[in-house]
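J.: Got a sequence here, can you build the structure:
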Amino acid sequence: MGIDIPELDDRSYEEYLEQAKKLIPAYSDEWTDFNPHDPGITILEVLAWVTETHTYQLDQITDDHREKYLQLMGEHRRLQEPASAQLSLSPPDSAVGERLPAGTRFLVTDGTNDTYRFETDHDIVLTDVSLERVVTVGATGRTDNSQENGTDGMFYRAFGNTVERGDTLYIGFDGDPFAAAESLTLAVDYHDADLPEPTEIGSDDVSFEPSVELQWEYLPPDGDSWMRLNIAADGTNALYESGAIELTDPEEWRFPRGDGDLLDIESSDLVWVRCRVETAGYEIPPQLDRIQPNVVSASHRVTVTNERVEQVASLGEPTALDGQTYKTEHTSILSADVRVNGERFVEVPDFDASGPTDPHYCLDRDAGRITFGDGEHGSVPPADATVTADYVYGGGDEGNVSPTAVWQFEDPSQSLTETTSLSDIEITATSAATGGTDRETITEALERVRQDLRTPYRGVTVDDYEAIASRTPGVRVGQTNVLVDGEQVTVVVVPYAPPDISTPKPSDGFLDTVRQHVTQRAMLGDQVTISGPTYVGLDITVSGQARPRYTDNGYEADIRAAIESFVHPLIGFDGDGWPFGRSLKTAEIAEQVTALDGIDHVSDVEITAHGGTTINGTVSISDQELFSVVNVSTNLEVPTTDDRGR
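T.: This is a model prediction of the structure:
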């Protein structure tokens, strides 16, 4: 049962006044006039009113109380998020090869008098080449993705639908990208519109490290061998997400051109850069909207360095006593680094656990106020201390400017070269700025915490382990199954993959990430093993009769697609994925095939399973196994006359 909450404001003004009057004789027998005109009664009325006001406040819960409650729960209000946009830069010839550093600032107007400040997220090396061709070469052949690259509403698989060692993405330029500079910056837009969002990174320091290895190479104009490129920066995490890739320093290491290269491509005058898969292991084949040079991302935030903050006056004068407060020039702070006389102080939510000499401070991000301790909880800066702050401010919903917003450099007169300034670079926003959100309100934070309390964080039951594994930060988990044998806990995970990937398999990096996340939350003594599923291959032969009014072509493809969809580990059976360990009957296959428009009836289904156990037309599998379709053969009769579906 719950604890009854006491009502502190349980007496009214009249009750306080009446009680005070009753106490008068105990202190003075000469006071006999208790009427309102008596000055003493007037004073009691004032005191009763003040008392009633204070007791009313005791019964109220303010935002400060709610914020403290969140801290006691180990939570804080989430900060505002800055919007981001992609900017296409067109440099003059004199700026080609120059580096535009991260933190370059822009001013943005969007049809109002308000001006928003953005800054670049990464370095970009300006170039004068254009991307002309994008070609994928794999075991299944060559695919030209040039039209899909950069066309709104279209995307392509960088290495094809299945990624194996040696699959290659070729990028052709109309000129030599390394003629004027030793580096090339490519902006990659990953297509994730049809994918679930991966779980947000939590506070357990678990992050996904891909086990995929990619090799970038460069073919010089009229060259006869490829040169290895170094990866100076990779914001895509090996083509797992959107970001910028900086390639630099072509090495003397050579890889001769061979029959597998683009030797017969029509545009032989192009200069090529390629990305080759050295170690495969993608759960989802990389799917891209576009790859572009001269594109940089910018976010709605501003970085301030070494700002000397001034102390806020108390009663007209600054004080060297406890609770010194300093204020930054800007507010809505995202992060800060504060130093006192060069010594770095550490931000804490409060001074409750701070000792007398601990260099701590509290930060009011909304107001930009920095508060130090009182000498008992948190050290007190000297009276003549120099307090400096490096901080980032900005963010919020207002930064989601439209695609028609006007962008310009904050300081267009800044020199880029001896003859070129930033004003000579043309800026074009490729789309609207997105992703900006306001800071979480206290009400929203409390509701989030309430929902979070219902979420299992410790592996006590099988359901707990399944829920924990499915919420591994940074990855997309499609299905899980947990097997318990004493203290041995085996968690089988299937990574999310698009429907056309019939046998999703986790990479080593994927399994390592899940293992770290689950192990941190396992019960003491549990021995946890993380593994991927084992697939039992199926060779299926379907016999029956087709409908004559349908074409006699495409039956095999339709039947295979129906069977693969039915046994798919993520969308099969009832739409939630084929369950681990569930057996498959020939009658179920017949039912799926019969439901196709072009099939009149199914007379027989034969299944040969490469694994599992087959008895009387039923294939049984273990709790760590799923199905995959290896081959589908059909033996369908097609009547020569149309029975009109009868």
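
J.: contacts, neighbours, all on C-alpha from now
T.: Will do.

J.: Run a quick neighbour tally on residue 414.
T.: Close neighbours of residue 414, defined as other Cα atoms under 10 Å, add up to 12.

J.: mind listing what residue 529 touches?
T.: Taking Cα atoms under 8 Å, 6 or more residues apart in numbering as the criterion, residue 529 is in contact with 488-491, 515.

J.: now this structure, which segments are flagged as low pLDDT?
T.: Counting by pLDDT under 70, the chain contains low-confidence residues at 1-3, 5, 57, 201-205, 253-268, 314-320, 549-554, 640-646.

J.: At the geometric centre of it, which residue sits there?
T.: Closest residue to the average C-alpha location of the chain: residue 200 at 5.6 Å, with Cα atoms, centre = their mean.

J.: so residue 428 bridges to which residues?
T.: The partner list for residue 428 in beta bridges (DSSP bridges) reads residue 88.

J.: Count residues in the vicinity of it, would you?
T.: When neighbours are counted by other Cα under 10 Å, residue 428 registers 18.

J.: and what of residue 207?
T.: Using other Cα under 10 Å, residue 207 has 20 neighbouring residues.

J.: hang on, it packs against residue 474?
T.: Yes. Using Cα atoms under 8 Å as the test, residue 207 is close enough to residue 474 to be in contact (6.2 Å).

J.: Packing partners of the lengthiest helix in the chain?
T.: Among the segments of the chain that qualify as a helix by DSSP state H, the longest is helix 39-58. The criterion is 3 or more Cα pairs under 8 Å, 6 or more residues apart in numbering; DSSP states H and E, and the helices and strands that helix 39-58 contacts are helix 13-27.

J.: If you compare the directions of the helix it packs on and helix 39-58, what angle comes out?
T.: 130 degrees (axes from the mean of the first three to the mean of the last three Cα atoms, to 10 degrees).

J.: roughly how far out does helix 13-27 sit from the chain middle?
T.: Relative to the centre of its chain, helix 13-27 is centred 64 Å away, using Cα atoms, centre = their mean, to the nearest Å.

J.: The stretch 451-600 of the chain: helices as residue ranges?
T.: 462-470, 508-519, 555-567, 586-594 (DSSP state H, counting those that start in this stretch).

J.: and the gap between residue 477 and residue 492?
T.: 11 Å (Cα to Cα, to the nearest Å).

J.: before we move on, what about residue 176?
T.: Residue 176 sits at a distance of 48 Å from residue 492 (criterion: Cα to Cα).

J.: So those two - more neighbours on which side?
T.: The residue with more neighbours, out of residue 176 and residue 492 and counting by other Cα under 10 Å, is residue 492; that gives 24 against 21.

J.: Enumerate the beta-bridge partners assigned to that one.
T.: Applying DSSP bridges to residue 492 yields these beta-bridge partners: residue 481, residue 531.

J.: What distance do you get for it to residue 460?
T.: Computed with Cα to Cα, the distance linking residue 492 and residue 460 is 17 Å.

J.: same question, residue 355
T.: Applying Cα to Cα, the value for residue 355 to residue 460 is 37 Å.

J.: Same check on residue 309?
T.: The gap separating residue 309 from residue 460 is 50 Å, by Cα to Cα.

J.: between those two, who's got more neighbours?
T.: A side-by-side neighbour count of residue 309 and residue 460, using other Cα under 10 Å, places residue 309 first with 18 against 14.

J.: which ones are touching the more buried one?
T.: Residues counted as contacts of residue 309 (Cα under 8 Å, 6+ apart) are 326-329, 387-389.

J.: Restricted to strands, list these.
T.: The strands in this structure, assigned by DSSP state E, contain 326-327, 387-389 from the contacts of residue 309.

J.: Without its sequence neighbours, what residue ends up closest to the residue nearest to the centre of the chain?
T.: residue 473 (5.4 Å; Cα to Cα, 6 or more residues apart in numbering).

J.: Just list whatever residues bridge to that neighbour.
T.: Here residue 473 shows beta-bridge partners residue 199, assigned using DSSP bridges.

J.: can you pull the contacts of it?
T.: 198-202, 206-208, 513, 517.

J.: now, which of the residues you listed sits nearest residue 112?
T.: Proximity to residue 112 was ranked across those by Cα to Cα; first place goes to residue 200, at 34.5 Å.

J.: Against residue 68, how distant is the closest one?
T.: Applying Cα to Cα to residue 200 and residue 68 gives a distance of 24 Å.

J.: returning to that earlier point: buried subset of the contacts of residue 309?
T.: 326-328, 387-389 (16 or more other Cα atoms under 10 Å).

J.: Show me what the helix or strand encompassing residue 116 is packed against.
T.: Element membership for residue 116, per DSSP states H and E: strand 115-120. Packed against strand 115-120 by the contact rule (3+ Cα pairs under 8 Å, 6+ apart) you find strand 105-109, strand 295-299, strand 301-308.

J.: Rebuild those as CSV, extending it with mean neighbour count.
T.: Rendered in CSV, the data for these read as follows (neighbours: other Cα atoms under 10 Å):
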stretch, mean neighbour count
strand 105-109, 19
strand 295-299, 25
strand 301-308, 17
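
J.: and residue 29, which of those is closest to it?
T.: Nearest to residue 29, of all those, is strand 301-308, at 65.3 Å by Cα to Cα.

J.: hmm, who's touching whatever helix or strand comes next after that closest one?
T.: The helix or strand immediately downstream of strand 301-308 is strand 310-311, counting by DSSP H and E. With contacts defined as Cα under 8 Å, 6+ apart, strand 310-311 is touched by 318, 324-328, 387.

J.: which stretches of the stretch 401-550 of the chain form strands?
T.: With strands called from DSSP state E, counting those that start in this stretch, the stretch 401-550 of the chain shows them at 406-409, 426-429, 477-485, 488-495, 527-531, 534-546.

J.: Kindly apply the preceding question to the stretch 51-200 of the chain instead.
T.: Under DSSP E, counting those that start in this stretch, the stretch 51-200 of the chain gives strands at 84-90, 99-100, 105-109, 115-120, 124-125, 131-138, 141-144, 156-157, 168-173, 183-190.

J.: which of those sits most buried?
T.: strand 124-125 (a mean of 25; mean count of other Cα atoms under 10 Å).

J.: how far does that strand sit from the chain's center?
T.: Mean C-alpha position of strand 124-125 versus that of the full chain (Cα atoms, centre = their mean) differs by 25 Å.

J.: for it, packing partners?
T.: Under the contact rule (3+ Cα pairs under 8 Å, 6+ apart), strand 124-125 is packed against strand 99-100, strand 183-190.

J.: What lies in contact with that strand?
T.: Here strand 124-125 has contacts from 96-102, 181, 183-185, 246, 294-296, using Cα under 8 Å, 6+ apart.

J.: Give the pairing partners of it; include direction for each.
T.: Using DSSP bridges, the neighbouring strands of strand 124-125 in the sheet come out as strand 99-100 (antiparallel).

J.: contact partners of stretch 420-438?
T.: Under the criterion Cα under 8 Å, 6+ apart, residues 79-92, 94-95, 300, 395-404, 407-409, 411-416 lie in contact with stretch 420-438.

J.: Show me how this protein divides into domains.
T.: Residue ranges for the structural domains of the chain, counted by automatic domain parsing, are given in the record as 1-59, 61-78+439-454, 84-123+405-429, 127-195+208-293, 309-394, 455-531, 534-637.

J.: With respect to residue 567, which of the contacts of residue 529 is nearest?
T.: Lowest distance from residue 567 to the contacts of residue 529 (Cα to Cα) belongs to residue 491, with 20.9 Å.

J.: Identify the residues contacting the closest one.
T.: The neighbourhood of residue 491, defined by Cα under 8 Å, 6+ apart, consists of 465-466, 469, 480-483, 528-531.
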